[in-house]
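[1] Please find the sequence and the predicted model below.
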Amino acid sequence: MKKICIIGGCGHVGIPLGLALASKNFNVTLIDVNKSAVDKINSKILPFKEEGAEKFLRKYIGKSLIATTDMNKVKEQNVVVFVVGTPVDEHHNPKINDVLKIIKLYLPLMNKKQLIILRSTIFPGTTEIIDNILKEKLGSAKLAFCPERIVQGQGIEEIFKLPQIISATSETARKEANGIFSKIAKKTIQLEPQESELAKLMTNTWRYLEFAIANQFYMMVEDRGFDFYKIFNAMKDDYPRAKHFAKAGLAAGPCLFKDTMQLSAFYGNQFFLGQSAMLVNEGLPNFLVKQLERKMGTLKNKKVALLGLTFKPNNDDIRESLSFKIKKELEFKMAKVIMVDPYIEGTVSLNEAMKKANGFILGTPHDEFKALNMKKPFIDCWNFWK
C-alpha cells in the first residue's frame, strides 16, 4: 500500500484529497500544525463544513487515514503532497517565499525517491524553482504540480467527478502522479508545469471576471433607479446566449481575488481587465451601504443587521469574506452593526436581529434567511428575496 502524506492536510484542500485517496486503498497521513484540527479529525469530527465528507471520515480514520502534528512522519512516505498556496502581499504581488519556506522546512525530512506533489495555486514558474531546490539538496527529484479544482464545501463530491490536470518536471514524476490521480479522478489531462500553473490562475480569474461584469451592471443600473433583476431576467429569458450570465453578488473567498492579482503580476501588471474587475468587486460593499443609506436617509445611530458573514452560502468559511468590508463601511457611517450568521458562533440570533434592526443588508444568502418577510428597509444584491 503506497504511503502518502499531505502537508497542511487538515485544511480545505487537504481533507477532501486525503479522504478520496484513503478510500482508494492508499495509506494517508494528514500532517498539520493545527493541533485542534488534528484532534478533531482523529475524533471523527470535521473542523469545518464539507458536504458528504463525514461518512468518509468515519469509515477511514484510524484505518487508511490518520492525522498528526508530527513532521517526522514525512520520512516514512512514498509521496509527499504540499497544499500550501501562494498568498499576495499588500501590493498584490505573489509571496512566493511563503511557499518556498514550507518546502525548505520539510526538505531535511525528504529523499530523492519520494514523489513530491504541489497541489495548491502557485505563481507561474514556482514549480521550476522548487524543482531546482530539491535537486540541489537531494541530488535528483520527482516533482509534479497537480492543481486542485474543487469548489470549497463540495470537494469530496467533486474530486471524483472532475478531470485532474497533471504536470511534472520529469516523465517519471508525471507517470507516478498520473497513476495516483487516475484512481480518484474522472480522467487526467496532461500539461507542462507552467501551463498547469496558468490554467489554475486563469480558471479562478475567469470566475472573478464573470462576477465583475454582473456587479458593474448591477451598480450601473441600480444607481440610475432601475431594477437590475427585472432587466437581468428579461435578458436571460429563453435566450441561449445569455444563459450563463452571472448574477450580482459579493465575489469573495481565499482564491478569486488573490489569483487574479497573481495573474496580473505574471503579466507585469498589464492585466488591466483583472485590475478593473478588482475595483468593481471590491467596490460593491461600499455601493450596498450607500443603497441602504439612500433608503433610510441616514445610517447614523441606526441598527443595521448584516445577514451572513461567510464568503459563500450554507457554509462556515469566513476567509476573505466581503461581509466584513460591509461592516467596516457601516461603522464608518456610525451605524450600529448587528452580526447574524447561523454558521458562526457568537453572532446574534436571527429572531433578535429581526426585532432590533432598523435596516438590513444581505451579505450571504444562507438558506436560513430564505423565508424572511422583510418589512423594513433592506438591500439584497443577490435577488434572494425575489
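    That came in fine, so what should we check first?

[2] quick one: low-confidence ranges for the chain?
    By pLDDT under 70, the chain has no low-scoring segment.

[3] So which residues of it form helices?
    14-22, 35-42, 53-60, 96-106, 126-138, 155-158, 171-181, 193-223, 228-236, 256-266, 272-296, 323-332, 350-356 (DSSP state H).

[4] Mean neighbour count, the ones you listed: which tops it?
    With neighbours taken as mean count of other Cβ atoms under 10 Å, the helices of the chain reach their highest mean count in helix 14-22, at a mean of 27. (Each C-beta comes from the backbone N, C-alpha and C, glycine too.)

[5] what's the angle between that helix and helix 53-60?
    50 degrees (axes from the mean of the first three to the mean of the last three Cα atoms, to 10 degrees).

[6] Let me see the residues that make contact with helix 14-22.
    4, 6-9, 28, 30, 32, 41, 46-47, 50, 53, 56-57, 60, 63-65, 81, 83, 119, 148, 150, 155-156, 159-160, 180, 183-184 (Cβ atoms under 8 Å, 6 or more residues apart in numbering).

[7] try 6 Å
    4, 6, 8-9, 28, 30, 53, 56, 60, 64-65, 83, 155-156, 159, 184 (Cβ atoms under 6 Å, 6 or more residues apart in numbering).

[8] so which of those would you say is closest to Lys295?
    Looking at those and their distance to Lys295, the nearest is Gly155, at 39.0 Å (Cβ to Cβ).

[9] Identify the residue spatially nearest to the closest one, adjacent ones excluded.
    Once flanking residues are discounted, Gly155 sits nearest to Pro16: 3.2 Å by Cβ to Cβ, 6 or more residues apart in numbering.

[10] Repeat that for Leu372.
    In space, Leu372 is closest to Trp385, 6.7 Å off (Cβ to Cβ, 6+ apart).

[11] now do Leu198
    Pro124 (5.6 Å).

[12] What is the neighbour count of that neighbour?
    20 (other Cβ atoms under 10 Å).

[13] got it, and Asn301?
    Other residues close to Asn301 by other Cβ under 10 Å number 10.

[14] How about it: what's its closest non-neighbour residue?
    Met334 (6.4 Å).

[15] how close does that neighbour sit to Gly363?
    19 Å (Cβ to Cβ, to the nearest Å).

[16] hang on, isn't the residue nearest to Asn301 packed against Thr298?
    No - the criterion here is Cβ atoms under 6 Å, and Met334 misses it with Thr298 at 8.7 Å.

[17] out of the contacts of helix 14-22, who's nearest Ser196?
    Among those, and counting by Cβ to Cβ, the member closest to Ser196 is Val83, at 15.2 Å.

[18] Could you tell me the backbone phi and psi angles at that closest one?
    Phi and psi for Val83, reported as degrees, to the nearest 10, are phi -110, psi 30.

[19] Likewise for the one 4 residues further on?
    Main-chain dihedrals, Pro87, degrees, to the nearest 10: phi -80, psi 170.

[20] distance of the residue nearest to it when sequence neighbours are not counted from Glu51?
    Leaving aside its chain neighbours, Pro87 sits nearest to Lys95 (5.0 Å; criterion: Cβ to Cβ, 6+ apart). To Glu51, Lys95 is 31 Å away according to Cβ to Cβ.

[21] try Lys258
    In terms of Cβ to Cβ, Lys258 sits 24 Å off from Glu51.

[22] List the contacts of the nearest residue to Asn34 once chain neighbours are set aside.
    Nearest non-adjacent residue to Asn34, counting by Cβ to Cβ, 6+ apart: Cys10, 5.7 Å away. By Cβ under 6 Å, 6+ apart, Cys10 lies in contact with Leu30, Asp32, Asn34, Ala37, Val38, Ile41, Ala67.

[23] Who does the closest residue to Asp380 other than its chain neighbours form a beta bridge with?
    Leaving out its chain neighbours, the residue that sits closest to Asp380 by Cβ to Cβ, 6+ apart is Leu362, at 4.5 Å. When bridges are called by DSSP bridges, Leu362 pairs up with Leu307.

[24] that older thread, burial count for the residue nearest to Leu372?
    Around Trp385 there are 15 residues (other Cβ under 10 Å).

[25] Which residue ranges make up the domains of this protein?
    3-196, 204-379 (automatic domain parsing).

[26] do you know how far the residue nearest to Asn34 is from Thr29?
    For Cys10, the distance to Thr29 - Cβ to Cβ - is 11 Å.

[27] re the thing from before, quick one: which of the contacts of helix 14-22 is nearest Lys75?
    For the contacts of helix 14-22, the closest approach to Lys75 (Cβ to Cβ) belongs to Ile4, at 13.6 Å.

[28] Surely the closest one touches Phe26?
    Yes - at 5.2 Å, Ile4 counts as touching Phe26 under the criterion of Cβ under 6 Å.

[29] and for the two, which residues touch both?
    With Cβ under 6 Å, 6+ apart as the test, Ile4 and Phe26 reach no residue in common.

[30] Look at these two and report which has more neighbours.
    Taking neighbours as other Cβ under 10 Å, Ile4 and Phe26 compare with Ile4 leading, 24 against 20.

[31] Bridge partners for the more buried one, pull those for me.
    Under the criterion used (DSSP bridges), Ile4 bridges to Val28, Val79.

[32] thinking again about what came up before, list the contacts of the residue nearest to Leu198.
    Gln194, Glu197, Leu198, Phe266.
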